[in-house]
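*Asks:* what follows is a predicted protein model with its sequence.
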Amino acid sequence: MSKARLVITAVVLERRPVSEVAASYGVSRSWIYELVARYRIEGEAAFAPRSRRARSTPQATAPATIDLVLRLRRQLTSRGLDAGADTIVWHLDHHHRIRVSRATVYRIVRRAGLVVAEPAKKPRSSYIRFQAEQPNETWQSDFTHHRLANGTDTEILSWLDDHSRYALSVTAHRRVTGPAVVATFRSAIARHGTPFSTLTDNGLVFTTRFAGGGKTSRNGFESELVKLRVRQKNSRPNHPTTCGKVERFQQTMKKWLRAEPPAATISELQHRLDAFVDYYNQQRPHRSLPYHATPAVAYNTRPKATPGDHQPAAELRVRRDRVKEGAVSLRHDGQLHHIGISRTLEGTRIIMLIYGLDVRIINAATGEIIRALTINPERRYHGTGAPIGGPSRPYGPHKKKQPEP
């Protein structure tokens, strides 16, 4: 029997004083009076459990706003555009003059069943994020495949500003060739100025340093960079996240293209790419930029870097690795250098801080500086050193001491 029924029985049927019943059952007299009044009006229904939810919620989001949030979510998704909570908040503020929090928007779309869980997705906090300090400080480039309506395979070449994510050039080709890379690079320079540096992967259209055992002469793009005094940077093999900004841009672009009817020709594909670039640069808020600005705003509001500028602070590199066979490896200006550590630290996780030729190697677990050195560009192997007057110690896979240059 519930406590409410016992209290009603004691007060109504047994006619015991309210103060005595309150003391016996450890409840307040006001609750007993309220319960008795409810029983005399409702009878047995007074004993049914009651919701504690507030009768009114003056701070609740207006139904019209909820409908608008869901409509924006569906519209953006159907067009292959980003439809996250941050983007919807931006559209509400800029296009409808309605301000709600990101958490409120997320709750609305989740309650409507429009959120797809991605448990395998790595959190953004797990990535080490780099960004150029100025527009034109670094241009990233890459190309990706796309099929026309008849199944013909084409390739799309993109140039992206690292600082602002501004799409400088997006062009469709039957095949991306070395001359196409040079031509689009020159065209981007004619419109936006010459960059301080470029960052690409190691495809042969960008670099020939891995071709012919490293003895191949420069290709057309590398020669163009030397002529313009533009610094060339390349990602490590099998590390696509180094060029992560242009890789992510291509995902956004291909998602938008999938939401459109397939293009029948390259000309039609190029027309759609031009429309996408205009929307991406001028209208689409970018979640990685301050205040979710558009790439065009971020690109045009700061001074632009030029070739020959001093090396900026963004050239500080951070790498995470493990000690393997008593050494770690580092690529500088296309040349692989091996740095001796110690076989006693085999498998130790390390962090490398690299500024030009200066390198600091830190134990990731303890924070201890394991080694500090300045790389000699003329040497490929940098031993662990030796006691004064003693022989050099062998390290890593190279047992033989390398001769001095």
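*Replies:* Nice, I can see it.
*Asks:* can you give me the helices for the stretch 251-400 of the chain?
*Replies:* Using DSSP state H, counting those that start in this stretch, the helices of the stretch 251-400 of the chain run over 266-282, 295-300.
*Asks:* out of the ones you listed, which gets the lowest mean score?
*Replies:* Ranked by mean pLDDT, the helices of the stretch 251-400 of the chain end with helix 295-300 in last place, scoring a mean of 88.
*Asks:* what packs against it?
*Replies:* Identification of packing neighbours for helix 295-300 by 3 or more Cβ pairs under 8 Å, 6 or more residues apart in numbering; DSSP states H and E yields helix 266-282. For glycine as for every other residue, the C-beta is placed from the backbone atoms N, C-alpha and C.
*Asks:* sorry, back to before: out of the helices of the stretch 251-400 of the chain, which one sits most buried?
*Replies:* Mean neighbour counts were compared across the helices of the stretch 251-400 of the chain using mean count of other Cβ atoms under 10 Å; the top stretch is helix 295-300, at a mean of 19.
*Asks:* one step back: in TSV: the helices of the stretch 251-400 of the chain, plus distance to residue 161.
*Replies:* Below are those laid out as TSV (distance: least, Cβ to Cβ, whole Å):
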stretch	distance to residue 161
helix 266-282	10
helix 295-300	6
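*Asks:* out of these, nearest to residue 165?
*Replies:* helix 295-300 (4.7 Å; Cβ to Cβ).
*Asks:* tell me which residues are up against the closest one.
*Replies:* If you take Cβ atoms under 8 Å, 6 or more residues apart in numbering as the criterion, helix 295-300 is touched by 135, 161, 163-167, 280-282, 284, 286, 289-290.
*Asks:* now do stretch 36-51
*Replies:* With Cβ under 8 Å, 6+ apart as the test, stretch 36-51 has contacts from 2, 4, 5, 8, 11, 12, 35.
*Asks:* how about a cut-off of 6 Å?
*Replies:* Counting by Cβ atoms under 6 Å, 6 or more residues apart in numbering, the neighbours of stretch 36-51 from elsewhere in the structure are 4, 5, 8, 11.
*Asks:* for it, list the C-alpha coordinates in PDB.
*Replies:* These are the backbone C-alpha positions of stretch 36-51, laid out as PDB (Å, rounded to 0.1, in the frame of the first residue of the first chain):
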ATOM      1  CA  VAL A  36      -6.800  15.100   1.200                       C
ATOM      2  CA  ALA A  37      -8.200  17.900  -0.900                       C
ATOM      3  CA  ARG A  38      -7.200  16.100  -4.100                       C
ATOM      4  CA  TYR A  39      -8.800  12.900  -2.800                       C
ATOM      5  CA  ARG A  40     -12.200  14.600  -2.000                       C
ATOM      6  CA  ILE A  41     -12.300  15.900  -5.600                       C
ATOM      7  CA  GLU A  42     -10.800  13.000  -7.600                       C
ATOM      8  CA  GLY A  43     -11.400  10.000  -5.400                       C
ATOM      9  CA  GLU A  44      -9.200   7.000  -6.300                       C
ATOM     10  CA  ALA A  45      -7.500   8.900  -9.100                       C
ATOM     11  CA  ALA A  46      -5.700  10.900  -6.400                       C
ATOM     12  CA  PHE A  47      -3.400   7.900  -5.800                       C
ATOM     13  CA  ALA A  48      -2.100   7.700  -9.400                       C
ATOM     14  CA  PRO A  49       1.500   8.800 -10.100                       C
ATOM     15  CA  ARG A  50       1.800  12.400 -11.300                       C
ATOM     16  CA  SER A  51       4.300  14.000 -13.600                       C
END
